[in-house]
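Colleague: Got a predicted model here, sequence first, then my questions.
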There are 2 protein chains.
Amino acid sequence: MSRWEPNARGRLEQAALELYGESGFESTTVAEITKRAGLTERTFFRHFADKREVLFAGAGALQEMLVSKVNDAPASLPPIEAIATALHEVADAVFEERREFARRRQAAIAANAELQERELIKLASLSSALADALRERGVADPAASLAAEAGIAVFKIAFERWTNDTGERALSQLIRESMDELKLVTGGQPLTTRR
Amino acid sequence: MSRWEPNARGRLEQAALELYGESGFESTTVAEITKRAGLTERTFFRHFADKREVLFAGAGALQEMLVSKVNDAPASLPPIEAIATALHEVADAVFEERREFARRRQAAIAANAELQERELIKLASLSSALADALRERGVADPAASLAAEAGIAVFKIAFERWTNDTGERALSQLIRESMDELKLVTGGQPLTTRR
DNA sequence: ACAGATGATGTCGGCAACTGTCATCATCGG
DNA sequence: CCGATGATGACAGTTGCCGACATCATCTGT
């Protein structure tokens, strides 16, 4: 038996997501979150750097996973394809089974500018880490940064469609479509047949 | 004669940029900024929504200018070229003469995550506005969003090089180089000859 | 089995960002 | 010359967030 209920961190995440959904991010106080989780305010800030971070706990793991998948991609793949491969694998491995959670989370984020800022800097960090991984593969700058930014742009737009669409198209498929569209738009040719 | 010194807003911007540069964003208080500007804290928050916004006062005007230049671009231009044109024109019209200011401002932003978040959401707003402008031109989604995101990525990377490089290459030139590199990276061909 | 180390949580006090509200007073249109 | 307007000041209150110290179950070594 432990002195406290287990999984304090998870209870805080759960309570925060619920409250942000019920009352909105701004009008829920940290005191309310900790009360619902049965903890104190001070403890909240020991687990999360600030009130926003509680929605982004998984970002670090996602970044590590993406980077390692880029590292594992065949050296023969051009940079944008290495990133596309990593995105597809991660989409199938971790997102497909969490669609409802992702929807609730994105709804909270979409409703508040501060949360959008935090999401954007997480994506920027992802982009920066992917660019580093590409440089490890011998890709020069600014190609590395641009391929990473382009890959994140594709992911962002595909993810947005995935959480908004009423249909059930897989994230992986939406990523493929967006990547093809980007290639068209920048004047290149897609590697797969469209529609 | 007016009751107060003129240009309160400008004095606040100036004082804030100085102090963020001298002591960093976090360790300067709004009280210090207003003291240097000869105003009160309450007045600061009448001019700027929060402590970060004082560095981003020009973002709205930049967005309007970019959108109007996309609107004015020849209808025959493909979407990515319409955006590229707008970026080049804005680079020459407003940035080239403010390089030193831009350097100081970017130094403050680079040193603080909260300011980076704000910068990122301004760029996201820019991207969203450009996507709207492309849709006005008849560009379908997701092509409009992707072209806008790609254009902003190019601008971001070119701007970063422009403020970091010790050399004096024009922003417009760096934008052209980054755009060509993006086209290469996504599998297309650049419209200009490289190097 | 016991003592001390460890680690998660609680308690308390405080700073600074931000807000609501009302007062002040120069300027301007009539 | 008067009332409206608009920018600023004064002041009190809420809340995010942090430092410092206390508590106490579990772990670790002997």
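Modeller: On my side now, so go ahead. Numbering: from 1, shown residues only, chains lettered A, B, ... in the order given.

Colleague: Where does the residue nearest to residue A:18 when sequence neighbours are not counted fall, secondary structure wise?
Modeller: Spatially, and ignoring its direct neighbours in sequence, residue A:18 is nearest to residue A:36 (7.3 Å; C-beta to C-beta, 6 or more residues apart in numbering or on different chains). Any C-beta I mention is one placed from the backbone N, CA and C, and that applies to glycine too. Applying DSSP states H and E as the criterion places residue A:36 in helix A:30-37.

Colleague: and what of residue A:116?
Modeller: Going by DSSP H and E, residue A:116 is part of helix A:113-136.

Colleague: now check that helix, is it near chain B?
Modeller: Yes. Helix A:113-136 is in contact with chain B by C-beta under 8 Å from any C-beta of the partner chain, via A:113, A:116, A:117, A:118, A:120, A:121, A:124.

Colleague: Any idea how many residues pack against the residue nearest to residue A:172 when sequence neighbours are not counted?
Modeller: Nearest non-adjacent residue to residue A:172, counting by C-beta to C-beta, 6+ apart: residue A:91, 4.4 Å away. A total of 21 residues lie near residue A:91 under the criterion other C-beta atoms under 10 Å in any protein chain shown.

Colleague: Now do the same contact list for residue A:91.
Modeller: A:170, A:171, A:172, A:175 (C-beta atoms under 8 Å, 6 or more residues apart in numbering or on different chains).

Colleague: mind running it again at 6 Å?
Modeller: For residue A:91, the contacting residues are A:171, A:172, A:175, by C-beta atoms under 6 Å, 6 or more residues apart in numbering or on different chains.

Colleague: ditto for residue A:60
Modeller: With contact set as C-beta under 6 Å, 6+ apart, residue A:60 has no partners.

Colleague: Output the helix or strand containing it as CSV - backbone C-alpha positions only.
Modeller: Using DSSP H and E, residue A:60 sits in helix A:59-72. Written as CSV, here are the backbone C-alpha positions of helix A:59-72 (Å, rounded to 0.1, in the frame of the first residue of the first chain):
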residue,chain,number,x,y,z
ALA,A,59,5.2,15.3,-26.9
GLY,A,60,8.6,14.2,-25.8
ALA,A,61,8.0,10.6,-26.5
LEU,A,62,6.5,11.3,-29.9
GLN,A,63,9.6,13.3,-30.8
GLU,A,64,12.0,10.5,-29.7
MET,A,65,10.0,8.0,-31.7
LEU,A,66,10.0,10.0,-34.8
VAL,A,67,13.7,10.8,-34.6
SER,A,68,14.5,7.1,-34.1
LYS,A,69,12.4,6.1,-37.0
VAL,A,70,14.2,8.6,-39.2
ASN,A,71,17.5,7.2,-38.0
ASP,A,72,16.3,3.7,-38.9
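
Colleague: I'd like the next helix or strand past that helix.
Modeller: Next along the chain from helix A:59-72, counting by DSSP H and E, comes helix A:79-90.

Colleague: Just checking the distance from that next one to the centre of its chain.
Modeller: Offset of helix A:79-90 from its chain centre (C-alpha atoms, centre = their mean, to the nearest Å): 14 Å.

Colleague: swap in stretch A:33-52?
Modeller: Stretch A:33-52 has its C-alpha centroid displaced from the chain centroid by 22 Å (C-alpha atoms, centre = their mean).

Colleague: Stretch A:162-179 now?
Modeller: Centroid separation for stretch A:162-179 versus its chain: 15 Å, with C-alpha atoms, centre = their mean.

Colleague: start to end distance for that stretch?
Modeller: End-to-end distance for stretch A:162-179, by C-alpha to C-alpha, to the nearest Å: 14 Å.

Colleague: what's the average pLDDT for it?
Modeller: Confidence for stretch A:162-179, expressed as mean pLDDT, is 94.

Colleague: near DNA strand D, which residues of chain A show up?
Modeller: Contact residues (C-beta under 7 Å from any atom of the strand) of chain A with DNA strand D: A:1-3, A:28-31, A:41-42, A:45, A:49-52.

Colleague: repeat that with 6 Å
Modeller: Contacts of chain A with DNA strand D, taken as C-beta under 6 Å from any atom of the strand, map to A:1, A:2, A:3, A:29, A:30, A:31, A:42, A:45, A:49, A:50, A:51.

Colleague: Can you give the distance of the next helix or strand after the helix holding residue A:116 from its chain's centre?
Modeller: Later in the chain than helix A:113-136, the nearest helix or strand by DSSP H and E is helix A:143-164. Counting by C-alpha atoms, centre = their mean, helix A:143-164 is centred 10 Å from the centre of its parent chain.
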